[in-house]
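Chemist: Following is a predicted model, sequence given first.
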Amino acid sequence: MDIPYIFGYHARAITVTCCYLYIEEEQVLRKDLITCDLNELAGREQAFITGINIGRLLPLLRQTIPQYFPQEFVILHRSNCKVVELMQNVVGKRYCTTQHIILFTIASSTKSLH
């Protein structure tokens, strides 16, 4: 795989460090991004915000290498303003008139057919 870097973290007691691993001159190197002291409120907030921000980046990174990830779900936009989400074991439907999502579990519905 030709991935430029991998996000990660390491922890020791109450200290957590977010980092990424990358390859340079055939060596795996680690670059520390931020270190948070979870014993302090400011450190916990910093770790939380960092996690949110990294989480926002992951879908963008995934788009750069789509061939390595299986498709997890399919979204169908119907002409009658209905949106259908087909996931591994759940089907979700959304309608324009309400914001409710009706979930239908495939596993439980197949049991009732027998």
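Modeler: Perfect, thanks for sending it. What you are looking at is a predicted structure, and each value in this text was computed from that prediction instead of being measured.
Chemist: was I right about Leu29 contacting Tyr22?
Modeler: Yes: applying C-beta atoms under 8 Å as the test, Leu29 and Tyr22 come out as touching, 5.8 Å apart. The C-beta positions use only the backbone N, C-alpha and C, and glycine is treated the same way.
Chemist: now the strands: where do they sit in this structure?
Modeler: 5-12, 15-24, 27-37, 74-77, 82-86, 90-95, 101-105 (DSSP state E).
Chemist: can you list the residues that contact stretch 14-21?
Modeler: Here stretch 14-21 makes contact (C-beta atoms under 8 Å, 6 or more residues apart in numbering) with 5-11, 28-39, 47, 50-51, 54.
Chemist: 6 Å instead, please
Modeler: Defining contact as C-beta atoms under 6 Å, 6 or more residues apart in numbering, one finds that stretch 14-21 is touched by 5-10, 28, 30-39, 47, 50.
Chemist: picking that back up, now the strands of the chain in TSV, with distance to Leu60?
Modeler: Shown next, in TSV, are these (distance: least, C-beta to C-beta, whole Å):
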stretch	distance to Leu60
strand 5-12	12
strand 15-24	14
strand 27-37	16
strand 74-77	18
strand 82-86	21
strand 90-95	24
strand 101-105	25
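Chemist: Who are the contact partners of Leu29?
Modeler: Tyr22.
Chemist: Do you know the pLDDT at it?
Modeler: Model confidence at Leu29, given as pLDDT, is 92.
Chemist: How many residues are close by Gly8?
Modeler: 12 (other C-beta atoms under 10 Å).
Chemist: Tell me the spacing between it and Asn39.
Modeler: Distance from Gly8 to Asn39, counting by C-beta to C-beta, to the nearest Å: 22 Å.
Chemist: Can you give me the domain boundaries for the protein?
Modeler: 5-68, 74-113 (automatic domain parsing).
Chemist: Can you report how many residues neighbour the residue found closest to Leu58 once you drop the neighbours it is linked to in the chain?
Modeler: The shortest distance from Leu58 to any non-neighbouring residue, by C-beta to C-beta, 6 or more residues apart in numbering, is to Phe7 (7.6 Å). Phe7 has 14 neighbours, counted by other C-beta under 10 Å.
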